[in-house]
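J.: Sequence plus the predicted model coming up.
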Amino acid sequence: MQKAVFLDRDGVINDNKMPVNKPEDFIFFPWTFEAIKMLNNAGYPVFVVTNQGGIEMGHLTHEDLKNIHDQMLADFHRQNIFICDIAYCPHFQSKCECRKPAPGMLFKLAKKHHIDLKASYMVGDREVDMDAGRRAGCKTIKIGKPCKNADYTAKNLLDAAKIIISAS
Ligand SMILES: [Mg+2]
Ligand SMILES: [Zn+2]
C-alpha cells in the first residue's frame with residue numbers, strides 16, 4: 001500500500017477569491033507547480049478532492065467542471081507534474097457521503113488506488129478539509145489560519161509540501 005497526498009483544490013492549488021465556474025476563472029497560485037513537483041519527486045501520488053456544490057446549485061455543470069479540470073491537468077502536464085486522480089462532490093443540500101467534512105472521496109480514491117490512508121496527508125484551507133482528512137485516518141495540514149483539528153499548519157501548499165517531505 002502506498003502513501004499519498006490528498007489536496008483540496010480551491011484555496012490550495014488555485015486562488016478562490018472569485019468563484020471558479022469556467023476554465024478562465026482558474027488561477028494557479030504561483031507556488032503550486034513547485035510544490036506538487038516536490039511531492040511527485042518524493043514519490044507521493046497526489047490526488048485532488050474538491051467540494052463542488054456549485055453543480056447542485058446550478059452555477060456550473062459537470063461538463064464545465066470537466067473542462068476546468070482538463071485545463072488544470074494539461075497545465076500540470078506541460079510542467080511534467082502528475083495528478084493521479086480527482087474526486088469531486090457535486091452536492092450541496094442533498095445527503096451524501098462525499099461532501100467534506102465527510103471522508104467519502106478519500107475512501108473512494110484510497111480503495112481505487114490502494115492507498116494507505118494512515119500514512120497519507122490531507123492538505124486544505126478549511127476546517128471541513130481537516131475533518132474529512134481526520135475521519136479518513138490521514139494526517140492533516142491546514143493552510144492559512146491554524147485550527148485545532150489539524151496536525152500541522154502551513155502558510156501555503158509549498159510550505160505544506162516541505163512539511164510532508166521533511167516528516168517522511
Ligand atoms: Mg478550499
Ligand atoms: Zn456529495
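T.: Happy to help now that I have it. Numbers count the residues shown, from 1 in each chain. Ligands and ions are numbered 1, 2, ... in the order given.
J.: Walking through this protein, point out its helices one by one.
T.: Counting by DSSP state H, the chain has helices at residues 32-41, 54-57, 62-78, 104-113, 127-136, 157-167.
J.: possible to save these as a markdown table with mean pLDDT, mean neighbour count and distance to D25?
T.: In this view, the C-beta of every residue, glycine as well, is placed from N, C-alpha and C. Shown next, in a markdown table, are the helices of the chain (pLDDT from 0 to 100; neighbours: other C-beta atoms under 10 Å; distance: least, C-beta to C-beta, whole Å):
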| stretch | mean pLDDT | mean neighbour count | distance to D25 |
| --- | --- | --- | --- |
| helix 32-41 | 98 | 19 | 16 |
| helix 54-57 | 97 | 16 | 11 |
| helix 62-78 | 98 | 15 | 8 |
| helix 104-113 | 98 | 18 | 22 |
| helix 127-136 | 98 | 22 | 21 |
| helix 157-167 | 97 | 18 | 19 |
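J.: Quick one: name the residues of this structure near ligand 2.
T.: C89, H91, C96, C98, R99 (C-beta under 5 Å from the ion).
J.: Of those residues, which belong to strands?
T.: Counting by DSSP state E, these place C89 in strands.
J.: Of the residues of the chain next to ligand 2, just the buried ones, PyMOL syntax please.
T.: Of the residues of the chain next to ligand 2, the buried ones can be selected in PyMOL as follows, counting by 16 or more other C-beta atoms under 10 Å:
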select buried, resi 89+91+98+99
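J.: okay if I get the residues of the chain next to ligand 2 as TSV plus pLDDT?
T.: Formatted as TSV, those follow (pLDDT from 0 to 100):
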residue	pLDDT
C89	98
H91	98
C96	97
C98	97
R99	97
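J.: Kindly identify which of the residues of the chain next to ligand 2 also come near ligand 1.
T.: Within the residues of the chain next to ligand 2, nothing lies near ligand 1 by C-beta under 5 Å from the ion.
J.: between the helices of the chain, which gets nearest to K3?
T.: The closest of the helices of the chain to K3 is helix 157-167. By C-beta to C-beta, the value is 9.4 Å.
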